[in-house]
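A.B. asks: Just the structure for this:
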Amino acid sequence: MPAPAGWSDTPPVTLDDLKRQLNRAVTDTTDDVELQLYLDAAVEAVENILDGPVQVKRITETHRANRAGVILPHKQPVVSVASLSYGGSALDAGAYTVDLGAGTVALGYWGTDPYTLVYDAGYANLPAGFRLAILIIAQHLWRTQHGGTRTRAGDDPVMMPGMSFAIPARAAELLRAGTTPAVA
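C.D. replies: Predicted coordinates for the structure are as follows:
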């Protein structure tokens, strides 16, 4: 299968970005392995909050259509649908309608067997607020582990409900500001 539309090998936030956020020399490689771990953990946390990947990824899921004949992919935002199969046979693209704005696949008719949906989800260009939230979370994880300096004005220790102290309130605010309510 071809690579998803908008797919890139370049991560939306790099180790060098995190080093700049931490005001560290980009040439210093002493802590690169540990910093990359914090960066990866921050990306995972943001993906969990957003309920979707921060980069465009190909996803395969099994679904049953709801009573209205609509499939709701689990990960958002949906970029494109590569294929939809029913009972092991690929459906013609004319048998369903993809609404990228709503992130749904509507069927002209539907059966009871599960459908296999292959689609691309994520961001070709991650919004700046989401990028900054990843950096703030990784920075917070680093400073929590390494003691850091005194808490500066603006370093909000308030936690997001159910998220503990891994997600600083300012990162949670950036993520909330860039999301829209889910389609029910």
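A.B. asks: Isn't residue 97 up against residue 84?
C.D. replies: No. Residue 97 is beyond contact range of residue 84, at 10.8 Å (criterion: CB atoms under 8 Å). Using the backbone N, CA and C atoms, a C-beta is placed for each residue, glycine as well.
A.B. asks: Tell me which of those two has more neighbours.
C.D. replies: Counting neighbours by other CB atoms under 10 Å for residue 97 and for residue 84 shows that residue 84 has the greater number, 21 against 13.
A.B. asks: now that one: how far from residue 12?
C.D. replies: Here residue 84 is placed at a distance of 28 Å from residue 12 (CB to CB, to the nearest Å).
A.B. asks: what touches both of residue 97 and residue 84?
C.D. replies: Here residue 97 and residue 84 have residue 105 as joint contacts, going by CB atoms under 8 Å, 6 or more residues apart in numbering.
A.B. asks: tally of neighbours for residue 45?
C.D. replies: Counted with other CB under 10 Å, the burial measure for residue 45 works out to 20 neighbours.
A.B. asks: got it, and the one 5 residues further on?
C.D. replies: By the criterion of other CB under 10 Å, residue 50 has 19 neighbours.
A.B. asks: Same question for residue 126.
C.D. replies: The local packing count at residue 126 equals 21, with neighbours defined by other CB under 10 Å.
A.B. asks: Begin at 54 from now on, thanks
C.D. replies: Sure thing, new numbering starts at 54, so read that last one as residue 179.
A.B. asks: so who does the closest residue in space to it that isn't next to it in sequence touch?
C.D. replies: Closest residue to residue 179 in three dimensions, ignoring its sequence neighbours and counting by CB to CB, 6 or more residues apart in numbering: residue 65, at 4.0 Å. If you count contacts by CB under 8 Å, 6+ apart, residue 65 has them with 107-108, 176, 179, 183-184, 187.
A.B. asks: and residue 109, how many neighbours?
C.D. replies: The number of residues packed around residue 109, counting by other CB under 10 Å, is 22.
A.B. asks: Pretty sure it sits against residue 130.
C.D. replies: No. Counting by CB under 8 Å, residue 109 sits too far from residue 130 to count as a contact (9.4 Å).
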